[in-house]
Every structure is written in structure tokens, then in C-alpha cells.
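Undergrad: What would the 3D arrangement of this be:
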Amino acid sequence: MWVALIDAFPPTTNVRVQKDRWRKVPLFVSALLAEPAFNVFAGCDTNRVKELALAIMEGEPSAQWRRLLDRIQPVVLISELLLLAFRAMDSSMDLARAVGELFFFSDGTVAEALFKWEATTGEDAKNFRDYWHQTSPEKI
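TA: Residues are numbered from 1 along each chain as shown. Next up, the predicted model:
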């Protein structure tokens, strides 16, 4: 699957296309740092997201960590940015480390928020959450 995603961003000399592609950068930074989106990795296995983040942070070549992009494929914003920036990340350990750290920061933000919610919310809200944790057409 990762091959198909990578092929979605072929090189271009079209200035408008390049500009549109790089507009993803402020969205990425905003979602993970400036205004952390709660549960940005919803639907993703957080342990697998952390494995991808570690691979990026440890300076693995993008040819290796791009094979792990299926772990965040539901988060189009992030997978698009990685597909745009992988060459730059290959040549800059600092950039790769920063991107990986943002993944960890976002995951930590969610964990902290959930911890605070669990500590301060009432039993009725917890019961509601537990009731709807597993859903099915029969339950509805």
C-alpha cells in the first residue's frame, strides 16, 4: 500500500502544485503542536505509531520507515506531509527528529487529556463512555 501512496506525489515543476502540496506543513504543525488536535491518531494503533515515530527519530532512511506508513494512513494530513518531506528528512537528522518528536508530543497530549478526564469526570459520564465503547447495529 505504501508504494501507491508514494506514487501519489510524483515530482513536478508546476509551481501551483508544489505550493498546494507544501500548504500541508502549517496544517501539520498546527495539528500536532500549535493547537494539538485531540486524538489526531484516532483509529491508529498508538504502539505502531510510536514505532514509526522512533524509526524516523532514530534516523532510519525513509526507504525503511515509509514501509510503516500504513500505520498512520487514516491520518491523511500526516501521511501527506511525510511523503512530501521524506527526502529532506533523509538529509537532515534534526528535521527527522523534530517530526518524530511531534508524533510523541501529540500522543502524550491525548494521554494527558484522557488522564485528566478520567480523574475529574463523574461516574455517569464514565458509564456512558463504557456503554458506547463497543457499538453495533443491534446495540443502537
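Undergrad: Skip the chain neighbours and tell me the closest residue to Cys44.
TA: Ile72 (5.7 Å; C-beta to C-beta, 6 or more residues apart in numbering). The way it works is simple: take the backbone N, C-alpha and C, and place the C-beta from them, glycine included.
Undergrad: Could you tell me the phi and psi values at that neighbour?
TA: Phi and psi for Ile72, reported as degrees, to the nearest 10, are phi -120, psi 10.
Undergrad: and it, how many residues sit next to it?
TA: Ile72 is flanked by 22 other residues according to other C-beta atoms under 10 Å.
Undergrad: and it, what is it in contact with?
TA: 41, 44, 49, 52, 78-79, 82 (C-beta atoms under 8 Å, 6 or more residues apart in numbering).
Undergrad: Among those residues, which one has the most neighbours?
TA: Of all the contacts of Ile72, Ile78 has the most neighbours under the rule other C-beta under 10 Å, reaching 26 neighbours.
Undergrad: where does the protein dip in pLDDT?
TA: 1-10, 33-38, 139-140 (pLDDT under 70).
Undergrad: let's go with 90 and repeat that
TA: 1-50, 53, 59, 67-89, 91-96, 98-118, 128-140 (pLDDT under 90).
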